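Peer 1: From the sequence below, what's the structure:
(one chain, ligands or ions: 1)
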Amino acid sequence: MTDAAGRVQELSDAGLRALESARTESDLLEVKGRYFGKKGAISEILKTVASLPVEEKKRIGAAANEARAALESAFDAKLSRIREQERVAREGKERVDVTLPGRAPAAGRRHPVSRTMGEIIATFQRLGFSVRGGPEIEKDYYNFEALNIPKDHPARDMQDTFYIDGMGGDLVLRTHTSPIQIRTMEAMRPPVRVIAPGAVYRCDSDVTHSPMFHQVEGFAVDRSATMADLKGLLTEFCRMMFGPELPLRFRPSYFPFTEPSAEVDIRCVICRGAGCRVCKTSGWLEILGCGMIDPSVFGFVGYDPETYTGFAFGMGVERIAMLRHGISDIRLLFENDLRFLSQFQP
Ligand code: DAH
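Peer 2: Numbers count the residues shown, from 1 in each chain. You can find the predicted model right below:
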């Protein structure tokens, strides 16, 4: 009798201690099952007191209920403490440190050819030129015929030109941007001041030639456009592109669609004129072709050569980019190797 009451007290104390040392929710549930759950030790004692006298049963029953209530409330208190600790631990791990520096996206940069192209275009726009384009798959007529390049001209050779199959030999990948002169003059009356940038194609490949490269064409037609205007314009352009100090020269040359024709050389940017491998010891670098538009070209577009004169020029963008950055192999510009490309300013 006293035995049963003492046992309830013992179990109550042991249960409270076990609850106290429980670390997790499942520890707690295990303690509850062992001491005061439906099949716990305290319930087992209650079953064994059935045979005792009523007074005893009441006393022990009351003690057992009291013990169970104390254990229940200790259980609830501990459970909420454990849950609170778990929440704090979890939120501590999940917390966002707003002072950490962000991860910047890898910023791309413009390709040196695009940049050089953009600078050439911007320079001529400042000088009053507007921009026009034309197709890369071009008619023989625009690429050659109307530019006064006769059928037997070496530029028409299969060695230099990509012909498009099955179109009666009438279509080519344009070999230069000059056909845009013809297309523009067909569409507009003078005065015109136009530049025409774009990709061009030639069957050619070595350290200074790529089968696809870029040119910027330019031309102006007016009542009194002269060779002096052309010289002044291109001198200004070279100063804007390569700096005011760099000497340049106009050297007589030949193009079928200009008369007279010239090529512009700048003082070698590598050796400053002393002579080196890049300028082939001449001290000069050729950067563009130009001239007064041949009156026979006007004949193709219906401009009156008695009323109008014009000048034209054309330059290779890769060549200018290579000279400005001291790049010795044109293929570097097309390999898309980031170790090369990331050396250029964004
Ligand atoms: N179209 C020529 C070429 O690809 C470059 C050129 C030379 C363009 C003289 C011109 C010019 O407009 O006047 O080699």
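Peer 1: now the helices for the stretch 1-150 of the chain?
Peer 2: 2-21, 25-35, 41-48, 54-94, 112-126, 140-143 (DSSP state H, counting those that start in this stretch).
Peer 1: Of these, flag the one that's most buried.
Peer 2: When those are scored by mean count of other C-beta atoms under 10 Å, the highest mean neighbour count falls to helix 140-143 (a mean of 20). Backbone N, C-alpha and C define where each C-beta goes, glycine included.
Peer 1: how about the helices of the stretch 1-150 of the chain, which one is nearest residue 343?
Peer 2: With C-beta to C-beta as the measure, helix 112-126 is the member of these nearest residue 343 (9.0 Å).
Peer 1: on contacts alone, who are the packing partners of that closest one?
Peer 2: Judged by 3 or more C-beta pairs under 8 Å, 6 or more residues apart in numbering; DSSP states H and E, helix 112-126 is in contact with strand 192-201, strand 212-222, helix 227-242, helix 317-325.
Peer 1: So residue 46 sits against residue 58, correct?
Peer 2: No. In this structure residue 46 lies outside contact range of residue 58 using C-beta atoms under 8 Å: 11.9 Å.
Peer 1: Check the gap between residue 338 and the ligand for me.
Peer 2: According to C-beta to the nearest ligand atom, to the nearest Å, residue 338 stands 31 Å off from the ligand.
Peer 1: Show the contacting residues for that residue.
Peer 2: By C-beta atoms under 8 Å, 6 or more residues apart in numbering, the contact set of residue 338 is empty.
Peer 1: Now the closest residue to the ligand within the stretch 1-150 of the chain: closest residue in space that isn't a chain neighbour?
Peer 2: Nearest residue of the stretch 1-150 of the chain to the ligand, counting by C-beta to the nearest ligand atom: residue 147, 7.9 Å away. Residue nearest to residue 147 in three dimensions, not counting chain neighbours: residue 257, with 4.3 Å by C-beta to C-beta, 6 or more residues apart in numbering.
Peer 1: now swap in residue 267 and tell me
Peer 2: Distance criterion C-beta to C-beta, 6+ apart; nearest residue to residue 267, sequence neighbours excluded, is residue 247 at 4.4 Å.
Peer 1: gap between the one you found and residue 237?
Peer 2: 15 Å (C-beta to C-beta, to the nearest Å).
Peer 1: ok, these two, which is more surrounded?
Peer 2: Between residue 247 and residue 237, residue 237 has the larger neighbour count (other C-beta atoms under 10 Å), namely 22 against 12.
Peer 1: which residues does the nearest residue to that one once chain neighbours are set aside contact?
Peer 2: Spatially, and ignoring its direct neighbours in sequence, residue 237 is nearest to residue 123 (5.9 Å; C-beta to C-beta, 6+ apart). By C-beta under 8 Å, 6+ apart, residue 123 lies in contact with 237, 240, 241.
Peer 1: didn't the first one look like it was pressed against residue 124?
Peer 2: It refers to residue 237. Yes. Look at residue 237 against residue 124 with C-beta under 8 Å: they come within range, at 7.0 Å.
Peer 1: Name the spans of the stretch 151-300 of the chain whose pLDDT lies under the cut-off.
Peer 2: 155, 158-159 (pLDDT under 70).
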